[in-house]
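K.L.:
below are the sequence and a predicted model; questions follow.
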Amino acid sequence: MKKLKSIQHKVPSPLVNMGPIKLRQPLPADGIENVDPFLLLHHYGPYAISEFSNPFDLGPHPHRGFEPITLLFKGEQLHRDSLGNEMVVKAGGVQWTTAGRGIIHAEAPTKQFVKKGGDLEGIQLWLNLPAKDKMMTPNYQHLEENQIPKLFSEDKKVQLNIIAGNQLEQSGLIKTQTEVNVFTANADENGKLEIEIPENHQSLIYLLDGEILINNSGVLKKGENQMITFHQDGTIIQFEAKKQSTILILSGEPIKEKITQYGPYVMNTQTEILEAMRDFQQGKMGYLY
């Protein structure tokens, strides 16, 4: 008998200041340090980008010990990194950086996009790496919207995009270090979908836009509660869209290790953080100009 996962937390998506930009941060939140293995969820935009307003220009910065992931919903961004990758990510596309022992990257709307103007909106996730993989060789994966496997509800009102992990017969093309599912969904009004998630996974649903009913009991609505986390019980998450909605679904096998985080580094001990800062200063994470 399939059992629905029970709801653990319902949280809003408050605006926080990150330098010159305001973005939404549902995770971490009051009482929720992380949803292991997911450490941070930022929802940025939609920003109206133009030659007069381009706040989301993130210059070169380092990372170590985790995977920073960008899912782009509107607009286009240029990714550059110290491995020599230079890639334009467009709406519906994904960039999945495995920082490992160290990478330096920069992200900004493309010059062409700034010139013509338009909305920029995306999700940035921080996915932890287990201690044994924190110093692995850095890597970068890029998927365009048309490369991402898709599933549809019976009534065709919901499209589920399988970025990483598995759902029914579809598997995401992103190679992951631990067992995770990263899905997005576009749902028309009254669209319903049932998603299978392993019982041992920590999991959450985040609403970017619209309004949805989850497991017949929890409501997410833009501007009110926008994220629900679940207990590690049951194997099913259902949702029904009350209006046109955009949704993020995350689940993962918990890593269950102590973490120490400082700025752009996520390690297991304070000593490893100090080593990361020193290695960056000494150029051991590469260079990006």
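P.N.:
That came in fine, so what should we check first? This is a predicted model, so every value here is computed, not measured. Numbers count the residues shown, from 1 in each chain.

K.L.:
now do the contacts for the closest residue to residue 270 other than its chain neighbours.
P.N.:
Leaving aside its sequence neighbours, residue 270 sits nearest to residue 260 (C-beta to C-beta, 6 or more residues apart in numbering; 5.5 Å). The C-beta positions use only the backbone N, C-alpha and C, and glycine is treated the same way. Contacts for residue 260 (C-beta atoms under 8 Å, 6 or more residues apart in numbering) come out as 266-270, 272-273.

K.L.:
out of the residues you listed, what pair is the most spread apart?
P.N.:
Pairwise distances across these peak at 12.5 Å for 266 and 270 (criterion: C-beta to C-beta).

K.L.:
higher neighbour count, the two?
P.N.:
When residue 266 and residue 270 are compared for neighbours, residue 266 comes out ahead with 26 against 10, by other C-beta atoms under 10 Å.

K.L.:
that one and residue 82, how far apart?
P.N.:
Computed as C-beta to C-beta, to the nearest Å, the residue 266 to residue 82 distance reads 18 Å.

K.L.:
got phi/psi on residue 273?
P.N.:
Torsion angles at residue 273 (phi, psi; degrees, to the nearest 10) stand at phi -70, psi -50.

K.L.:
I'd say it and residue 259 touch.
P.N.:
No. Here residue 273 lies out of contact with residue 259, judged by C-beta atoms under 8 Å, at a distance of 10.2 Å.

K.L.:
quick check: neighbours shared by those two?
P.N.:
Counting by C-beta under 8 Å, 6+ apart, the residues touching both residue 273 and residue 259 are residue 267.

K.L.:
helices along the stretch 101-250 of the chain, start to end?
P.N.:
For the stretch 101-250 of the chain, applying DSSP state H, counting those that start in this stretch gives helices covering 111-116.

K.L.:
run through it and note the low-pLDDT ranges.
P.N.:
In the prediction, the stretch 101-250 of the chain carries no residues with pLDDT under 70.

K.L.:
ok so, going back, which of the contacts of residue 260 fall in strands?
P.N.:
266-267 (DSSP state E).

K.L.:
just the buried residues from the contacts of residue 260, in PyMOL please.
P.N.:
Burial among these is assessed by 16 or more other C-beta atoms under 10 Å; the matching PyMOL selection reads:
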select buried, resi 266+267+272+273
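
K.L.:
just send the contacts of residue 260 back as CSV, with distance to residue 180 and pLDDT too.
P.N.:
Shown next, in CSV, are the contacts of residue 260 (distance: C-beta to C-beta, whole Å; pLDDT from 0 to 100):
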residue, distance to residue 180, pLDDT
266, 16, 98
267, 20, 98
268, 19, 98
269, 24, 98
270, 27, 98
272, 23, 98
273, 24, 98
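
K.L.:
contacts only, for the nearest residue in space to residue 146 that is not next to it in sequence.
P.N.:
Leaving aside its chain neighbours, residue 146 sits nearest to residue 92 (8.0 Å; criterion: C-beta to C-beta, 6+ apart). Contacts for residue 92 (C-beta under 8 Å, 6+ apart) come out as 72-73, 144-146, 148, 161.

K.L.:
report how many residues lie close to residue 200.
P.N.:
Neighbours of residue 200 under the rule other C-beta under 10 Å: 13.

K.L.:
how close does it get to residue 5?
P.N.:
11 Å.

K.L.:
find the residues that touch each one of those two.
P.N.:
Residues touching both residue 200 and residue 5 comprise residue 232, with contact defined as C-beta under 8 Å, 6+ apart.

K.L.:
partner residues bridging residue 43?
P.N.:
Note on residue 43: beta-bridge partners by DSSP bridges are residue 24, residue 123.

K.L.:
is it true that it touches residue 206?
P.N.:
Yes. Checked against C-beta under 8 Å, the pair residue 43 and residue 206 is within contact range at 7.2 Å.

K.L.:
identify the contacts common to the two.
P.N.:
Contact with both residue 43 and residue 206 is made by residues 13, 26, 123, according to C-beta under 8 Å, 6+ apart.

K.L.:
identify the residue nearest the residue sitting nearest the centre point of the chain in space, chain neighbours excluded?
P.N.:
Nearest residue to the geometric centre of the chain (C-alpha atoms, centre = their mean): residue 125, 3.2 Å. The shortest distance from residue 125 to any non-neighbouring residue, by C-beta to C-beta, 6+ apart, is to residue 69 (4.3 Å).
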